[in-house]
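Visitor: just a sequence and a predicted model for now, questions to come.
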Amino acid sequence: MLSLELIRKDPGFVKAAMLSKGEDDCIDTILELDSRRREAVTEGDELRAKRNEVSRHIGQARSSGESPSEEILEEMRKVGDKINDLEETVRQLDAEINGFLMGLPNIPRGSALQGNGEEDNRVTRSWGIPRDFEFTPLAHWDIGENLRIIDFQRGVKLSGSRFYTLSGYGARLERAIISWMLELHGRAGYTELALPIIVRREIMEGSGNLPKFADNLYHDEEDDLWLVPTAEVPITNLHRDEILDYNSLPIYYVAHTPCFRREQAAAGRDTRGIKRVHQFNKVEMYKFVAPEESDSELEMLLSDAESVCKSLDLPYRIIEICTGDMSFPSAKSYDIEVWASGCAEWLEVSSCSNCTDFQARRSNIRYRPEEQTRPDFVHTLNGSGLALPRVMIAILENNQQQDGSITVPEVLRPYTGFDTIPGHI
RNA sequence: GGAGAGGUGGCAGAGCGGACGAAUGCGCCGGUCUCGAAAACCGGUAUACGGUCAAACGUAUCGAGGGUUCGAAUCCCUCCCUCUCCGCCA
């Protein structure tokens, strides 16, 4: 959520920022509603001040035996009605203003790449060299079926299209990767969390997923509970309505959760394999930091995500996301894409974002810059570390051998308990 | 799911229609005393909005929302949450 104060103070700047994110401009409407709201609030406050005073006098008079005149009581009744009317007006205006504010994306960082859409994103650097194959590498959907480690049909049988089942070595490999990632980030200073993955409506609002992106979410109508599309959602709200101690920042968290996405908008895209599915596992890193640290913390977060790719020996490139392609809550983002030899594609395995104070405002997460000072909103950052299906794809496709077997990356072996997934069943 | 109890400031805990943003204690901050510390004593110690150069000041907030009343932390209704007991169940 954007600060109303900022919109009042510098509407031109906010308008330009919204435009760079491809957003329609409703700033003038907000300002208009806001000034009406403030008028009503002021009038209400004045009437209440009057009522408080008169009531005080009535109380004092009563205690010395006098009884108040019916005229005054009648007048105060009217004042009370007027106050109620004004309160209702303020409530309505609040709801309207809030509706607009909740629909506005975050303002990009000054250092963010300018651009209109995906085509303007920039590859900033890359690491590793895609392996040279002496045979034609298979895509993971073929590997998965050949080795009986990914079962597409039975996933569909259970839950419909875009669901799959891992079995045997496949399930064990994924579990091993998750454990290893959590340990890796744990050693880097991230505190591990195990979280609820169905959450209340306002939790989704706090992270920025609602009200705008309801289409992408699974929803339990009976209790108005929502399945999380990423651990970012519950972690953001972990410190909701809190004032964090001035010396407690930065706070680093890491969590593994299943993620649920309806992918309505992507109907028909990437229907093969496990690249784009409705339910997947992800390890997510998250930071709560002081505002002046968030730029450098983003670089560190990115480097923590990169370290996962490096350890797994997966060739990757870093994409700087331009303003027009940036996600709703983000002020600056990098994606990490790993190379998958079989489907011959760069796969997005991580997105690292600085959300500045956008989620902190929505979730009311503050800190004290110093002892005895006024609280201010924290900055939040999130980054996948990493998304499991695509890491699985890259490992299977890049590490496949001529005989059909898969070599397990060195670092995972203590976690898998096996070095190779055999090529023949 | 049933029955009962309860939700008040950083914490504990009083207040149950007017003088209550809220006693008291603890904690925390500042001071006096001390070579220093402890103890003791004195003072301060919420958040949001409006206001202002800054203040003063005004308004709101005692789980949330509604109601009664000139006036609600206090009375009434609805909802949420916590605890205890019973039932059911990984």
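Guide: Now that the structure is in, tell me what you want to look at. Please read these numbers as outputs of a predicted model, since none were measured by experiment.
Visitor: CA only for contacts and neighbour counts going forward, please
Guide: Will do.
Visitor: I'd like to know how many residues surround residue A:309.
Guide: 22 (other C-alpha atoms under 10 Å).
Visitor: now do the longest helix anywhere in chain A: distance to the chain's middle.
Guide: Taking DSSP state H as the criterion, chain A has its longest helix at helix A:27-63. Centroid separation for helix A:27-63 versus its chain: 39 Å, with C-alpha atoms, centre = their mean, to the nearest Å.
Visitor: and the next helix or strand after it with helix A:27-63, angle?
Guide: The helix or strand immediately downstream of helix A:27-63 is helix A:70-102, counting by DSSP states H and E. On the basis of axes from the mean of the first three to the mean of the last three C-alpha atoms, to 10 degrees, helix A:70-102 is oriented at 150 degrees to helix A:27-63.
Visitor: what residues does chain A have near RNA strand B?
Guide: Listed as neighbours of RNA strand B in chain A under the rule C-alpha under 7 Å from any atom of the strand: A:5, A:38, A:42, A:44-46, A:48-60, A:62-63, A:73-74, A:76-77, A:80, A:373-376.
Visitor: show me what the longest helix of chain A is packed up against.
Guide: Helix A:27-63 is packed against helix A:4-9, helix A:11-20, helix A:70-102, with contacts defined by 3 or more C-alpha pairs under 8 Å, 6 or more residues apart in numbering; DSSP states H and E.
Visitor: okay, those, which one's buried deepest?
Guide: Among those, helix A:11-20 has the highest mean neighbour count (mean count of other C-alpha atoms under 10 Å), at a mean of 17.
Visitor: residues in contact with that helix?
Guide: A:6-7, A:24-25, A:27, A:104-108, A:114-116, A:323-324 (C-alpha atoms under 8 Å, 6 or more residues apart in numbering).
Visitor: which of these tops the neighbour count?
Guide: Neighbour-wise, the contacts of helix A:11-20 (other C-alpha under 10 Å) top out at residue A:323, 29 neighbours.
Visitor: so who does residue A:416 touch?
Guide: Applying C-alpha under 8 Å, 6+ apart to residue A:416 gives the contacts A:172, A:173, A:176.
Visitor: contacts only, for the last one.
Guide: Meaning residue A:176. With contact taken as C-alpha under 8 Å, 6+ apart, residue A:176 is in contact with A:412, A:415, A:416.
Visitor: re the thing from before, can you flag the buried ones in the residues of chain A next to RNA strand B?
Guide: Neighbour-count burial (16 or more other C-alpha atoms under 10 Å) applied to these gives A:44, A:48, A:51, A:55, A:58, A:76, A:80, A:375, A:376.
Visitor: if we can go back for a sec, of all the contacts of residue A:416, which comes closest to RNA strand B?
Guide: Using C-alpha to the nearest atom of the strand, residue A:172 comes nearest to RNA strand B of the contacts of residue A:416, at 21.7 Å.
Visitor: what helices or strands is the helix or strand bottoming out on mean pLDDT in chain A leaning on?
Guide: Every helix and strand of chain A was ranked by mean pLDDT, DSSP states H and E. The lowest is strand A:242-244, at a mean of 82. The contact analysis (3+ C-alpha pairs under 8 Å, 6+ apart) places strand A:242-244 against strand A:365-367.
Visitor: just checking: what are the partner strands of the strand it packs on?
Guide: Paired strands of strand A:365-367, with direction, are strand A:242-244 (parallel), strand A:376-377 (antiparallel) (DSSP bridges).
Visitor: and the ones you listed as JSON lines, adding distance to residue A:95?
Guide: Converted to JSON lines, the strands paired with strand A:365-367 look like this (distance: least, C-alpha to C-alpha, whole Å):
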{"stretch": "strand A:242-244", "distance to residue A:95": "23"}
{"stretch": "strand A:376-377", "distance to residue A:95": "22"}
